[in-house]
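> next input, structure requested:
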Amino acid sequence: MKNTEYNWFKLFNASGFGAKSIHYIFHNLQTHHLTINDLFQLDVSQLQNYFPEIGRGKYSRGSLSSLKQLDEIKIYNFFQKLKEEKVHIVVLDDERYPKSVLQNMLDNAPPILFCKGYLPLLNSQGISIVGSRDVDEFGVMLTKSIASKLAENGYNVTSGYAKGVDTSAHLGALEAGGTTTMILSFGVNHISIKREIKDLDWERNSLFVTQFAPYDKFSGQNAMMRNKLVCAMSQAIVVIASGPERDTEGRISGTYDAGKSALKMNIPVFVLSPQILKPTLQGNIDLIKLGGIEFSNGNDIVNYLSEHKREPILVQEPKETYHKTASKIKEGNTTKSKKKTISKTDGQTSLNL
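Numbers count the residues shown, from 1 in each chain. I've put the predicted structure just below:
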C-alpha cells in the first residue's frame, strides 16, 4: 500500500528538493490543513498557489513540475526493497522522529531518517562520544572505558561509526552490555558490520541512523553534515581528542566542528583534559575556552549529568500520536543555563578508569 512514508520518500527523491524546501512544503501543507498524501494529488496550478516560493530565492533548485515527473514505478520498487530489508523510514510527521533534532536543527532537520536495528534507541537522546580517527592505543582504551561507564549508568552511547574514537565508543558500550547508536555519513546500502562488533550482541542493542539516501557513499561533506545530527540527537557530547579548528592546510577538524556545533545548540560539551593525551591537543584547549566542560574520567561526566538533572532517558516504544512541528516546539523551550567547568582535584590529571 502506498502510504504516508511512501509519499515522503517520493518527495525526498524529487530532483532539487533539499531539507529546507521540504520543510517549506511541509509547513505550507499544514497551514492549508493538508497532508503529504494530498501533495501528489494537487495539479500544477494548485501547487503554485500553495508553494509560491519554490523555484525562487533559497528554494530556486526545486521545480514544482518535477513532482509530476517522478518515475513512480522505480521509486516504489526501491521503497519496497527498503521495507523488505527492515529499514525503518522515519519522517517529519512521525511520532518516532526525535524531537531533539527538530528543536536543535529546525528547518535543517533531515526530512527522513533511515534506520536499521533497535528503533526505540532513536528517542533515547544518548551521550555522543567524538574524536580523532587516528587516536593511539591509550586513547582507544580511554574511550572504551568512558563509553562503558556511561553504558553502565544507563546512557545510550552515540557516535559516528568511523575508525578510532567512534568505533571504540560503540565497542565500549556493547562490551558493558549497554546500547549504542551509529550515526552514518553514508546510506544504509553501504552498512557493513565491523569485525570488532560482530561477536557482540549488537543486533538487539544497536541502531544505525542516516539522513542520506540509501545509495549515497561516504564523503567529507556528508561527514560534516552527519556531525550536526550527532549533536542534535544527544543530550551531551564527549570530546576525546580534537585537533585545531583548521590544520596547517586549512582543513576543518570534524571533531572540533562537532564540539562547536553542540555549544551553539546549548548542548553540554565535555572535553577531555588536554594534558591527558600526548601530545597536548590544541582543539581540546580551544573548545574548553569556548565553554566546554573539562573532565578527566567517566565519573566526572556521570556526576555532572546527575547534578544537573540530565538522567538517562528510558528507552521505550513511543506513543502513536502526532507531534508538534519544529517551530512550535522551539517556541516552548526555556533558556538553558550556562555550562560550568569541572575543576580537577588538586590539579591532578590522573585517570580513575
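
> tally of neighbours for S296?
19 (other C-beta atoms under 10 Å). All C-beta atoms are positioned from the backbone trio N, CA, C, and that covers glycine.

> that one contacts S273, doesn't it?
Yes. Counting by C-beta atoms under 8 Å, S296 touches S273, with 5.1 Å between them.

> list the buried residues in stretch 282-301.
Across stretch 282-301, burial judged by 16 or more other C-beta atoms under 10 Å covers 283-288, 291-298, 300-301.

> then stretch 252-272?
Neighbour-count burial for stretch 252-272 [16+ other C-beta under 10 Å]: 253-263, 265, 267-272.

> just the mean pLDDT for it, thanks.
Rounded to a whole number, the mean pLDDT of stretch 252-272 is 96.

> which stretches in this structure count as strands?
88-91, 112-117, 127-130, 157-159, 180-183, 206-210, 236-239, 269-272, 293-295 (DSSP state E).

> point out the most buried one among the ones you listed.
Highest mean neighbour count of the strands of the chain: strand 157-159, a mean of 32 (counted as mean count of other C-beta atoms under 10 Å).

> what's the mean pLDDT across that one?
Strand 157-159 comes out at a mean pLDDT of 97.

> quick check: neighbours of it in the sheet, parallel or antiparallel?
strand 127-130 (parallel), strand 180-183 (parallel) (DSSP bridges).

> need the contact partners of the first one.
Residues external to strand 127-130 that are found in contact with it (C-beta atoms under 8 Å, 6 or more residues apart in numbering): 143, 146-147, 150, 155-160, 165-166, 169, 227, 230-231, 233-240, 242, 254-255, 258-259, 301, 305.

> in helices only, show me the residues you listed.
Among the contacts of strand 127-130, the members falling in helices (DSSP state H) are 143, 146-147, 150, 165-166, 169, 227, 230-231, 254-255, 258-259, 301, 305.

> the residue nearest to G117 when sequence neighbours are not counted and N49, how far apart?
Of all residues beyond its chain neighbours, the one nearest G117 is L207 (4.0 Å), with distances taken as C-beta to C-beta, 6 or more residues apart in numbering. Distance of L207 to N49, computed by C-beta to C-beta, to the nearest Å: 41 Å.
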